[in-house]
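K.L.:
got a sequence here, can you model it:
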Amino acid sequence: MKISKILSLLVATLLSTSALAQTIHGNSFPYWDVRGALTVGGTSTFTGAVAFTGGITGTTTNDAAAAGKVGELLTTTVAAGSAVSGAATTVSKDVTSVSLTAGDWDVSGSCDILGSTLIGTVLSCGLGTTTNTQATQAGGSGIGTDPLTILTLASQTFPNSVNTLRVTSTRVTLAATTTIYLVVNNTFSSGSYSMYGTIRARRIR
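P.N.:
Here you go, the predicted model:
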């Protein structure tokens, strides 16, 4: 019997078996209508659209998605006890960074700015693809449209107090491995500041 005939019979059997689990190894079928449970061995490639009317089941335990898989999570944190010194007025400086491989990511960040008799008018926390450089509000360099949070004030003193600014989740699309920086830039007339915080990235596809 020809291989094509055997495959046709196999497909017919699968289509008529709704209550049994099905396992297919090493064959390519142009059309599938599989009913019941399906176990696929090895890596599977779907070139067309795949519809899951019953939803996609996520993990049911406290594990983590592997590198390169949807749901992969990367974080980098500078703790309060390891705060880094800030820069001069209007000069950008990195809090921390994370290296992301090619893909589509959601990236967010939190900047904790600790003033030391700081008298300032602008505090800002943002993302960037170049060290010590904030991306502009309109985005750019593969960073989404809102990678920057700015707090503008009348001249105000921050005597040893912490101000926390957060960059909400923004899309970052990368064609190659890229370092994304969490960057602070403040405008002040006197005093100084230190900073700490976290950058967080989740692969969304």
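K.L.:
next, count neighbours for residue 114.
P.N.:
18 (other C-beta atoms under 10 Å). Backbone N, C-alpha and C define where each C-beta goes, glycine included.
K.L.:
let's see stretch 67-87 as CSV, backbone CA atoms only.
P.N.:
Written as CSV, here are the backbone C-alpha positions of stretch 67-87 (Å, rounded to 0.1, in the frame of the first residue of the first chain):
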residue,chain,number,x,y,z
ALA,A,67,14.4,31.9,27.4
GLY,A,68,12.9,32.7,24.0
LYS,A,69,9.4,31.5,25.0
VAL,A,70,6.3,33.7,25.4
GLY,A,71,6.1,34.8,29.0
GLU,A,72,9.8,35.0,29.6
LEU,A,73,10.5,37.5,32.4
LEU,A,74,13.7,39.4,33.0
THR,A,75,14.3,41.9,35.8
THR,A,76,17.3,43.9,37.0
THR,A,77,17.2,45.6,40.4
VAL,A,78,19.5,48.1,42.2
ALA,A,79,18.5,47.9,45.9
ALA,A,80,18.3,50.9,48.2
GLY,A,81,21.4,49.8,50.0
SER,A,82,23.3,49.9,46.7
ALA,A,83,22.0,53.2,45.4
VAL,A,84,24.1,54.9,42.7
SER,A,85,25.1,58.5,42.7
GLY,A,86,23.1,60.8,40.4
ALA,A,87,24.5,63.1,37.7
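K.L.:
now that stretch: average pLDDT?
P.N.:
Averaged across stretch 67-87, the pLDDT comes to 97.
K.L.:
show me what counts as buried in that stretch.
P.N.:
Judged by neighbour count using 16 or more other C-beta atoms under 10 Å, the buried positions of stretch 67-87 are 72, 74, 76, 78, 83, 86, 87.
K.L.:
what's the spacing between the nearest residue to the first one once chain neighbours are set aside and residue 122?
P.N.:
So the one you mean is residue 72. In space, and not counting its chain neighbours, residue 72 is closest to residue 203: 4.1 Å by C-beta to C-beta, 6 or more residues apart in numbering. Distance of residue 203 to residue 122, given as C-beta to C-beta, to the nearest Å: 33 Å.
K.L.:
of the two, which one has the most company?
P.N.:
The neighbour comparison of residue 203 against residue 122 (other C-beta under 10 Å) goes to residue 203, with 19 against 14.
K.L.:
could you report the pLDDT at that one?
P.N.:
pLDDT, residue 203: 98.
K.L.:
any low-confidence regions in this protein?
P.N.:
Applying pLDDT under 70 to the chain flags the ranges 1-36, 140-141.
K.L.:
what's the closest non-adjacent residue to residue 200?
P.N.:
Per C-beta to C-beta, 6+ apart, closest to residue 200 is residue 75, 4.7 Å.
K.L.:
pretty sure the one you found contacts residue 182?
P.N.:
No. Judged on C-beta atoms under 8 Å, residue 75 makes no contact with residue 182 at a distance of 10.8 Å.
K.L.:
and for those two, which residues touch both?
P.N.:
Residues within reach of residue 75 and of residue 182 at once, by C-beta atoms under 8 Å, 6 or more residues apart in numbering, are 198, 199.
K.L.:
let me see the domain layout of the protein.
P.N.:
The chain breaks down into these domains under automatic domain parsing: 1-60, 73-203.
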